[in-house]
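Asks: predicted coordinates and the sequence they were generated for:
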Amino acid sequence: MVIFYILVLSLLRSPDISRGQFSPHVYETIIANYAASKYRHNKILDVVPAEVVSSLTVYQCLALCLQENRKWARCRSFNYGNQTCFLIDTYLCEKGRKNNLAEKLGYSYYDVLQRHGEEMEYFNSKSCREFGKCSSHCPKYKVFSNLKKFAEAQATCEAEGGVLAMPRSHKHHQELLHLLTSHKKERYWIGLRRQNNITVYIDGSALDEDLQLWGEDQPNNSGGIQYCVEMLKEMGYKWNDFHCDNLASFICQYITT
Ligand SMILES: [Ca+2]
């Protein structure tokens with residue numbers, strides 16, 4: 001991330017960013033950071049562009065957006081497709097605006113947010129929070145306090161473009177604990193379950209055997225019917241295997257990049 005800021009700042013310091021001045025690698029790095037996520041491919045931001053320039057590569061389009069010496073307000077994002085660059089003075093998650101993405105085959109939408117304040121605004125925006133459809137700057141998780149069976153909880157996450165949360169490290173676990181400080185329900189489903197006697201993530205990936213986040217004496221498969229995993233308050237929100245048809249609150253995770 002630090003490298004990214006340096007790249008952007010170095011671009012901004014130059015008043016005469018000319019097309020093609022930087023190697024494609026530099027632009028690729030920036031594009032990767034503000035990349036069109038899977039939610040933005042074949043989609044455009046559905047607003048009237050401030051400026052349209054044809055016969056450009058996507059990198060040239062980015063460079064053009066980063067230029068600051070234009071008459072209209074600063075470029076915040078762009079749509080790109082068919083070698084055409086559509087510069088835009090707002091962005092998907094701008095506060096107070098009801099910007100939406102629209103389907104457009106072969107086009108993509110890119111944010112170009114350059115300053116920390118903007119990123120915080122972005123981070124806190126309704127779209128980020130509720131739909132997880134923004135970039136990697138979005139919060140990764142969303143807590144649902146209502147009670148559902150494991151499968152229903154997973155279906156709810158999927159309907160929002162996510163999955164049940166898949167903490168893969170102590171750092172992820174800490175992030176989830178931090179989220180739960182303002183909720184504190186008894187139990188939360190996460191995206192882990194036992195299949196063929198092995199606990200795996202809901203995407204089928206393996207659980208790191210060394211990741212010890214189980215509560216005391218868990219998993220115990222009590223009654224031989226505990227095939228799903230929850231974070232349990234009475235265990236300090238460590239993991240407990242639990243009957244999948246029992247009701248619990250749950251945490252979704254959004255894959256945004
Ligand atoms: Ca148990």
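Replies: That came through fine. Numbering: from 1, shown residues only.

Asks: buried stuff in the longest strand anywhere in the chain?
Replies: Of all the segments of type strand in the chain, defined by DSSP state E, the longest one is strand 101-111. Of the residues in strand 101-111, those buried under the neighbour-count criterion (16 or more other C-beta atoms under 10 Å) are L101, K104, Y107, S108, Y109, Y110, D111. Placement of C-beta: from N, CA and C, glycine included.

Asks: kindly report the same for stretch 208-220.
Replies: The neighbour-count check on stretch 208-220 (16+ other C-beta under 10 Å) flags L213, W214, G215, Q218, P219 as buried.

Asks: so can I have JSON lines of the residues you listed showing secondary structure?
Replies: Conversion of those to JSON lines gives the following (DSSP: H, G, I helix; E, B strand; the rest coil):
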{"residue": "L213", "secondary structure": "coil"}
{"residue": "W214", "secondary structure": "strand"}
{"residue": "G215", "secondary structure": "coil"}
{"residue": "Q218", "secondary structure": "coil"}
{"residue": "P219", "secondary structure": "coil"}
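
Asks: widest-spaced pair of the residues you listed?
Replies: L213 and P219 (11.0 Å; C-beta to C-beta).

Asks: what touches both of these two?
Replies: Taking C-beta atoms under 8 Å, 6 or more residues apart in numbering as the contact definition, L213 and P219 share the neighbouring residues W239.

Asks: how about the residues of this protein by the ion?
Replies: By the rule C-beta under 5 Å from the ion, the part of the chain lying against the ion is N220, S222, Q226, N240, D241.

Asks: quick check: the last one touching P219?
Replies: Read it as D241. Yes. The pair formed by D241 and P219 meets the contact definition of C-beta atoms under 8 Å, at 3.7 Å.

Asks: quick check: P49 touching T90?
Replies: No. The pair P49 and T90 fails to qualify as a contact (C-beta under 8 Å) at a distance of 10.2 Å.

Asks: these two: who's more crowded?
Replies: Taking P49 and T90 together and counting by other C-beta atoms under 10 Å, P49 has the greater number of neighbours (18 against 15).

Asks: could you find the closest non-adjacent residue to the more buried one?
Replies: Using C-beta to C-beta, 6 or more residues apart in numbering and skipping the chain neighbours, the partner closest in space to P49 is F86 (3.9 Å).

Asks: just checking: what are the partner strands of the strand or helix carrying that neighbour?
Replies: Following DSSP states H and E, one finds F86 within strand 84-88. Taking DSSP bridges as the criterion, strand 84-88 sits next to strand 51-54 (antiparallel), strand 77-81 (antiparallel) in its sheet.

Asks: now it - C-alpha only, CSV.
Replies: Coordinates of the C-alpha atoms in strand 84-88 are reproduced here as CSV (Å, rounded to 0.1, in the frame of the first residue of the first chain):
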residue,chain,number,x,y,z
THR,A,84,-12.4,4.9,-25.2
CYS,A,85,-11.8,6.7,-22.0
PHE,A,86,-14.8,8.2,-20.1
LEU,A,87,-13.5,10.5,-17.4
ILE,A,88,-15.9,11.1,-14.5
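
Asks: check the offset of it from the chain's centre.
Replies: Between the mean C-alpha point of strand 84-88 and the mean C-alpha point of its chain there is a distance of 24 Å (C-alpha atoms, centre = their mean, to the nearest Å).

Asks: so what touches that strand?
Replies: 44-45, 47, 49-56, 58, 60-61, 64-65, 75-80.

Asks: can you do 6 Å?
Replies: Contacts to strand 84-88, defined as C-beta atoms under 6 Å, 6 or more residues apart in numbering, come from residues 45, 49-54, 56, 61, 65, 75, 77-79.
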